[in-house]
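A.B. asks: got a sequence here, can you model it:
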Amino acid sequence: MLASPPLATDAFIDRRGVTPAGGEPVFERRQFANSYEELSPAAAELARAIDGYKVQHRRRFITFEEMLSVIKSLGYSK
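C.D. replies: Numbering: from 1, shown residues only. Alright, predicted model coming up:
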């Protein structure tokens, strides 16, 4: 038997950022580990800058162009 198509009254509910029933706040997953302890100081700085960019722009993953702009914002040049 085929499932019936969704009704026009079925509205999309955006649950991002909603606290689940347990009461724990929802955190965005990161591209890098939550701990930067195993990274060199320069790599940790880059990871924090990329995570900051992603939080600011509400992005889970970034493009190479965005990563390049973050790297340049840290003062790196070719």
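
A.B. asks: gap between Pro41 and Phe61?
C.D. replies: Counting by C-beta to C-beta, to the nearest Å, the gap from Pro41 to Phe61 is 24 Å. Glycine gets a C-beta too; all of them are placed from N, C-alpha and C.

A.B. asks: buried residues, the longest helix seen in the chain. List them.
C.D. replies: When the chain is parsed with DSSP state H, its longest helix is helix 41-56. Across helix 41-56, burial judged by 16 or more other C-beta atoms under 10 Å covers Leu46, Ala47, Ile50, Asp51, Tyr53, Lys54.

A.B. asks: now for those residues: which two are most distant?
C.D. replies: Farthest pair in these (C-beta to C-beta) is Leu46 and Lys54. Separation: 12.6 Å.

A.B. asks: would you map the helices across the chain?
C.D. replies: Listed in chain order, the helices of the chain (DSSP H) span 41-56, 64-73.

A.B. asks: low-confidence ranges, this structure, go.
C.D. replies: Judged by pLDDT under 70, the chain has its weakly predicted residues at 1-10, 12-34.

A.B. asks: rerun that using 80 as the cut-off
C.D. replies: Low-confidence segments of the chain (pLDDT under 80): 1-35.

A.B. asks: return the distance of Ile50 relative to Ala11.
C.D. replies: For Ile50, the distance to Ala11 - C-beta to C-beta - is 35 Å.

A.B. asks: with Tyr53 instead?
C.D. replies: 32 Å.

A.B. asks: residues contacting Tyr53?
C.D. replies: Tyr53 is in contact with Arg59, Ile62, Glu66, Val70, counting by C-beta atoms under 8 Å, 6 or more residues apart in numbering.

A.B. asks: would you mind checking the residues you listed for buried ones?
C.D. replies: Ile62, Val70.

A.B. asks: now the contacts of Tyr53 in CSV, with distance to Lys78?
C.D. replies: Formatted as CSV, these follow (distance: C-beta to C-beta, whole Å):
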residue, distance to Lys78
Arg59, 25
Ile62, 20
Glu66, 17
Val70, 15
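
A.B. asks: okay, stretch 43-55 in PDB with CA atoms only?
C.D. replies: This file holds the C-alpha atoms of stretch 43-55, laid out as PDB (Å, rounded to 0.1, in the frame of the first residue of the first chain):
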ATOM      1  CA  ALA A  43      46.500  24.800  14.100                       C
ATOM      2  CA  ALA A  44      44.500  25.400  17.200                       C
ATOM      3  CA  GLU A  45      44.300  29.100  16.300                       C
ATOM      4  CA  LEU A  46      43.100  28.200  12.800                       C
ATOM      5  CA  ALA A  47      40.500  25.700  14.100                       C
ATOM      6  CA  ARG A  48      39.100  28.300  16.600                       C
ATOM      7  CA  ALA A  49      38.900  30.900  13.800                       C
ATOM      8  CA  ILE A  50      37.100  28.500  11.500                       C
ATOM      9  CA  ASP A  51      34.700  27.500  14.300                       C
ATOM     10  CA  GLY A  52      34.100  31.200  15.000                       C
ATOM     11  CA  TYR A  53      33.400  31.900  11.400                       C
ATOM     12  CA  LYS A  54      30.900  28.900  11.200                       C
ATOM     13  CA  VAL A  55      29.100  30.100  14.300                       C
END
